[in-house]
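1. got a sequence here, can you model it:
(one chain, ligands or ions: 1)
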Amino acid sequence: MFGIDIGGSGIKGAVVHTGTGKLATERVRIATPQPSTPESVAAVVAKLAEQADWSDIIGATFPAVIQHGVARSAANVDHSWIGTDIDALFTQAIGGSEVTVLNDADAAGLAEARFGAACDVSGVVILLTFGTGIGSALLVDGKLVPNTELGHLELDGHDAETRAAASARDREKMPYKRWAKRVDKYMSHVEKLFTPDLFVVGGGVSKEADKWVPHLNLRTPVKPAELLNNAGIVGAAMAAAERRGE
Ligand code: BGC
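-> Just a heads-up that it's a prediction; the model follows:
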């Protein structure tokens, strides 16, 4: 299966072995076009499939609410995406191979639940990705409840991701310990709402989890994500395989 991960700076694709969660080819990355309009991104998606000589179905992530293939929000992407049927747009751009699009954090959640930090964990698992924004995936006994968008909960009167995303740490030049205080406050709120059995934390900052996770004071265990850069690609491929009933 071919998985594509669409991010603000890069669009990455690879063939995924959905039985093991391993990449079967090298990951290819193309810089996200600016402005990242639906048409320009669709062209890159088509190029990635063409370069890989891929003509079967494809899964792709997108950083927005995706309801049955249609974008319903645009927090950190071009507003022209709202209302776009991304499944149909990409399917057409690629020339007919069906494309299944899902939220980026939801894809990472699927991948971590099957092959990573939450592998075989039953009960309620919440994955939070800390990057430009905060993405969330809610899984119940391994089954995804899509589009939870917990990054937009309110924190100190603000949209939480503007205060506690990794981008806020960079922007305000916060040392990990100080940033962790905000993340702790944010995650305590999520903990109160859902009483999860496990939190998985992803995004680039999960590579340095030892610098901030120990500063969190939560009741729920917190594990860093394990699939790192590949979680989106793997989860996207899994979603495509699932749609076909594999
Ligand atoms: C978006 C989410 C996305 C997250 C991470 C948020 O701003 O609303 O849909 O999952 O960023 O990219």
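2. quick check: buried residues in the longest helix belonging to the chain?
-> Ranked by residue count and defined by DSSP state H, the top helix of the chain is helix 176-194. By 16 or more other C-beta atoms under 10 Å, the buried positions in helix 176-194 come out as Y176, W179, A180, R182, V183, D184, K185, Y186, M187, V190, E191, F194. Yep, even glycine has a C-beta here, placed from its N, CA and C like the rest.
3. need the residues you listed in TSV (columns: distance to S136 and pLDDT).
-> Formatted as TSV, the buried residues of helix 176-194 follow (distance: C-beta to C-beta, whole Å; pLDDT from 0 to 100):
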residue	distance to S136	pLDDT
Y176	21	98
W179	18	98
A180	18	98
R182	16	97
V183	13	98
D184	16	98
K185	16	98
Y186	11	98
M187	11	98
V190	8	98
E191	13	98
F194	10	98
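4. output those residues as TSV; include the columns distance to R244.
-> Formatted as TSV, those follow (distance: C-beta to C-beta, whole Å):
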residue	distance to R244
Y176	42
W179	41
A180	42
R182	41
V183	38
D184	41
K185	42
Y186	37
M187	36
V190	33
E191	36
F194	31
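5. got the residues of this protein near the ligand?
-> Within the chain, the positions adjacent to the ligand are 63-65, 73, 75-76, 103-105, 129, 131, 133, 135, 149, 151, 161 by C-beta under 6 Å from any ligand atom.
6. restricting to C-alpha, output stretch 61-78 in CSV.
-> Extracted in CSV, the C-alpha atoms of stretch 61-78 (Å, rounded to 0.1, in the frame of the first residue of the first chain):
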residue,chain,number,x,y,z
THR,A,61,-2.9,12.3,5.8
PHE,A,62,-4.0,15.9,6.0
PRO,A,63,-3.7,18.3,9.0
ALA,A,64,-7.4,19.2,9.2
VAL,A,65,-10.8,17.7,10.2
ILE,A,66,-11.5,15.2,7.4
GLN,A,67,-15.1,14.0,7.3
HIS,A,68,-15.5,11.2,4.7
GLY,A,69,-12.8,12.7,2.6
VAL,A,70,-13.9,16.3,2.9
ALA,A,71,-11.9,18.9,4.7
ARG,A,72,-14.0,20.7,7.4
SER,A,73,-11.3,22.9,9.0
ALA,A,74,-8.0,24.7,8.2
ALA,A,75,-6.3,25.7,11.4
ASN,A,76,-2.7,25.8,10.0
VAL,A,77,-3.4,25.4,6.2
ASP,A,78,-4.7,27.5,3.4
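7. right, I'll leave it there.
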